[in-house]
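In: Just a sequence and a predicted model for now, questions to come.
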Amino acid sequence: MNIPIEVPGLDTILPEIEQGRLVVVESGADSAKSFFVRRLSLTAGRVGAPVRFVTSRDASEVQALLAAEGGVDARSEGWIQVYERDRLDDFEEFEPDGGLLTVDSYSYLTLNVAPAQMASALRRLRSACRTHGMTAVLATDRGMFDPRSEAVATHLADGFLQFHAREGPEGVQRFLRIPKWMDGRFVDRNIYYEFDGKRIAIDLRRRVL
């Protein structure tokens, strides 16, 4: 089952994440990335996909955020299962069920995982995605990976989506970059967006395709 991307404006560029794919979503110190992967998880649940949400944060906190943002207790509805972890060496326990696997934050959970071990785990995850029709979205924090681990994650991902936020003359400027996507094309240009903590919207006045 493909997962729709419900972000106004972005959905015209990337309408959905295809079933069986592995996507890395990266950002710096900005909460838009985590909001995006939670939103994606809620969308997946609504279209009938089982969702496993792995987090380094307190599970009850994430469940409360999902409930507030989704307008319903996703856990009680059976949409999303939240797993709190301090480390993630591999994905074997999450592989067989299909649906969507969301990990936030993958870079923190693999701080002490060697690049070779990470590569092995990601190759197995990609194979599981293809075999079981599972989609995996790994949220990472810019600068937390060592260079080799970052190269491994970027190379093995089918798609790579980056959130950026910079101080400018008019305040914080936020933009997306898509250096890699599974259909062979990419939109490696700045796609400006606005984020108020409750919604992400592409700034159509400055959108560059």
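Out: Alright, I've got the coordinates. Quantities reported herein were computed from a predicted structural model and do not represent experimental measurements.

In: so how far is the lengthiest helix in the chain from its chain's centroid?
Out: Ordering each helix of the chain by length in residues (DSSP state H) puts helix 115-132 first. How far helix 115-132 lies from its chain's middle: 16 Å, per CA atoms, centre = their mean, to the nearest Å.

In: Which other helices and strands does the helix or strand just after it contact?
Out: As assigned by DSSP states H and E, the chain's next helix or strand after helix 115-132 is strand 134-141. The contact analysis (3 or more CB pairs under 8 Å, 6 or more residues apart in numbering; DSSP states H and E) places strand 134-141 against strand 22-27, helix 32-46, strand 99-104, helix 106-109, helix 115-132, helix 147-156. (Each C-beta comes from the backbone N, C-alpha and C, glycine too.)

In: before we move on, back to that, need the CA coordinates for the longest helix of the chain. PDB is fine.
Out: Coordinates of each C-alpha in helix 115-132 appear next as PDB, following Å, rounded to 0.1, in the frame of the first residue of the first chain:
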ATOM      1  CA  PRO A 115      28.900   1.600   9.800                       C
ATOM      2  CA  ALA A 116      29.300  -2.000   8.600                       C
ATOM      3  CA  GLN A 117      26.700  -3.200  11.000                       C
ATOM      4  CA  MET A 118      24.300  -0.400  10.000                       C
ATOM      5  CA  ALA A 119      24.800  -1.200   6.300                       C
ATOM      6  CA  SER A 120      23.900  -4.900   6.900                       C
ATOM      7  CA  ALA A 121      20.800  -3.900   8.900                       C
ATOM      8  CA  LEU A 122      19.700  -1.400   6.200                       C
ATOM      9  CA  ARG A 123      20.200  -4.000   3.400                       C
ATOM     10  CA  ARG A 124      18.100  -6.500   5.300                       C
ATOM     11  CA  LEU A 125      15.500  -3.800   5.900                       C
ATOM     12  CA  ARG A 126      15.400  -2.900   2.200                       C
ATOM     13  CA  SER A 127      14.900  -6.600   1.400                       C
ATOM     14  CA  ALA A 128      12.100  -6.900   4.000                       C
ATOM     15  CA  CYS A 129      10.400  -3.900   2.500                       C
ATOM     16  CA  ARG A 130      10.400  -5.500  -0.900                       C
ATOM     17  CA  THR A 131       9.400  -8.900   0.300                       C
ATOM     18  CA  HIS A 132       6.700  -7.900   2.800                       C
END
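
In: Can you spell out which helices and strands pack onto that helix?
Out: Counting by 3+ CB pairs under 8 Å, 6+ apart, helix 115-132 packs on strand 22-27, strand 134-141, helix 147-156.

In: what residues does the first one touch?
Out: The contact list for strand 22-27, computed with CB atoms under 8 Å, 6 or more residues apart in numbering, reads 17, 33, 36-37, 106, 122, 125-126, 129, 135-142, 153-154, 156-165.
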